[in-house]
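A.B. asks: take a look and give me a structure for this.
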Amino acid sequence: MLRLPAFTFHQPETIEEAVALLATDPAHTRVVAGGTDLFPNMKRRHQGAESVVSLRGIDALHGITESKDGSVIIGATTTLDAITRDEQIQQKYPSLVTAVASISSPVLRNAGTIGGNLCLDTRCTYYNQNEEWRRSIDYCMKEQGDICWVAPSSPRCWAVSSGDSVPMLCALGAEITLVSSEGERTLPLAELFRDDGIDYLSKRPDEILTTIRIPSPSGARTGFWKLRRRGSIDFGVLSVAVSGWCNGNTTDRIEIWLGSVGSTPVRCTASIAALIGKPLDDETIAAAAALARKSAGANPLGNTDFVPQWRGKMIEKYVEAVLREVAGLPRQRMVPRHGSEKWPS
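C.D. replies: Numbering: from 1, shown residues only. You can find the predicted model right below:
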């Protein structure tokens, strides 16, 4: 049995208390809400902390509210299950519900939080093993070592960003608020991430993610598909999120984001440019999907499930499938199962 290392556990009741505790020693203190990522990582000695600050007792950090401008604000410690069950989220952002419902299992969605999913540790076949296994082959650069076992000649870590809510929230234009002893700052969610398997967040160690704001969808058509070996539990090896705004047959604006293909969520810039001002039809969708596979950062490596070359081909197929769904075109392949959902007839 893997056991947690010793640490001091704090349970503040206000954001101010939590920020003060974190500011005391940010380098050796971690915050936790659901604990579905941090505690297993601490058991496997991937991550350590002398102090852990729990955010679950802070009422101001959980709940879902609607602003006067139609945007929705979600507290960072709101559980994933609560998001999938919320009626206004279901109505306004159905593809976000699909994305969140694809995360792990019902038990973990009942404990895990949206803030935790955004800050999820990057993953890799060589990193996500127990301490004894990692020690036996020599540690990788993400934890104690100086080599990336996925790409031994590379000077950087290629661990994968796998937060399933992230691509959809980026496609929807979500913003986040970070709070520290120096005050608070708001930034687009996309700016939270860095293309580095080790230093994967721009959030400072003394900052706490408090809220996520999602703009009003205002007529957006959305879609989300995720690829993994099983229909639940497994982390994805690819996710595709699309939000599109059309004027008649013309695409005025569209966002296409990939997850689980690199150390950061990937915006398919070339695919987006190829679709602006054009109809979403068979020809334009096929061309945009082919460009998505060539997107900077979309370089599947041998650090997760399935053969990298096949995963790369699936980028093109899944982007095409989601774009067809957004355009209302006939489905050409089965939608992946998410949790307890049934295969479409």
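A.B. asks: what does the helix or strand bottoming out on mean pLDDT in the chain contact?
C.D. replies: Taking mean pLDDT, DSSP states H and E as the measure, the helix or strand of the chain with the lowest value is helix 131-137, at a mean of 88. Residues outside helix 131-137 that contact it (C-beta atoms under 8 Å, 6 or more residues apart in numbering): 44-45, 126-127, 140, 143, 149. Every C-beta, even on glycine, is put in place using the N, C-alpha and C of the backbone.
A.B. asks: so how many other residues sit close to Arg267?
C.D. replies: Counted with other C-beta atoms under 10 Å, the neighbours of Arg267 add up to 20.
A.B. asks: partners of it in the sheet?
C.D. replies: Trp257 (DSSP bridges).
A.B. asks: need the contact list for it.
C.D. replies: Arg267 touches 170, 190, 255-257, 295, counting by C-beta under 8 Å, 6+ apart.
A.B. asks: one step back: and the contacts of helix 131-137, which is the shakiest by pLDDT?
C.D. replies: Within the set of the contacts of helix 131-137, pLDDT is lowest for Glu143 (86).
A.B. asks: what is the neighbour count of it?
C.D. replies: Glu143: 19 neighbours (other C-beta under 10 Å).
A.B. asks: tell me the SS of it?
C.D. replies: Counting by DSSP: H, G, I helix; E, B strand; the rest coil, the backbone at Glu143 sits in coil.
A.B. asks: I figured it hits Arg44, correct?
C.D. replies: No - counting by C-beta atoms under 8 Å, Glu143 does not reach Arg44; the two are 9.4 Å apart.
A.B. asks: what ranges does the chain have for its strands?
C.D. replies: 8-10, 29-32, 51-54, 64-66, 72-75, 175-180, 183-188, 208-214, 221-227, 238-247, 250-259, 266-267 (DSSP state E).
A.B. asks: now render those strands as TSV, adding mean pLDDT and distance to Ile276.
C.D. replies: Below are the strands of the chain laid out as TSV (pLDDT from 0 to 100; distance: least, C-beta to C-beta, whole Å):
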stretch	mean pLDDT	distance to Ile276
strand 8-10	97	49
strand 29-32	97	40
strand 51-54	97	44
strand 64-66	97	30
strand 72-75	98	26
strand 175-180	98	23
strand 183-188	98	19
strand 208-214	98	22
strand 221-227	96	15
strand 238-247	94	10
strand 250-259	96	6
strand 266-267	96	14
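A.B. asks: tabulate those in TSV, adding columns for distance to Thr98.
C.D. replies: Formatted as TSV, the strands of the chain follow (distance: least, C-beta to C-beta, whole Å):
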stretch	distance to Thr98
strand 8-10	35
strand 29-32	27
strand 51-54	30
strand 64-66	17
strand 72-75	16
strand 175-180	21
strand 183-188	22
strand 208-214	15
strand 221-227	5
strand 238-247	9
strand 250-259	13
strand 266-267	19
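A.B. asks: Leu280: which of these is closest?
C.D. replies: Taking C-beta to C-beta, strand 250-259 is the member of those nearest to Leu280, at 6.0 Å.
A.B. asks: contacting residues around the most centrally placed residue in the chain?
C.D. replies: Among the residues of the chain, the one closest to the centroid is Gly163, at 2.3 Å (C-alpha atoms, centre = their mean). Taking C-beta under 8 Å, 6+ apart, we find Gly163 in contact with 117-120, 259, 265.
A.B. asks: return the distance of it relative to Gly183.
C.D. replies: 26 Å (C-beta to C-beta, to the nearest Å).
A.B. asks: longest single helix anywhere in the chain?
C.D. replies: Longest among the helix segments of the chain by residue count, using DSSP state H, is helix 308-327.
A.B. asks: and it, how far out from the chain's middle?
C.D. replies: Computed by C-alpha atoms, centre = their mean, to the nearest Å, the chain-centroid distance of helix 308-327 equals 18 Å.
A.B. asks: now that helix: buried residues?
C.D. replies: Within helix 308-327, the residues that count as buried by 16 or more other C-beta atoms under 10 Å are 308, 311-312, 314-327.
A.B. asks: residues in contact with stretch 94-114?
C.D. replies: Stretch 94-114 has contacts (C-beta under 8 Å, 6+ apart) with 33-37, 62, 74, 76-81, 83-84, 89-90, 117, 164-165, 167-169, 172, 212, 214, 222-224, 226, 232-233, 236, 239, 241, 243, 338-341.
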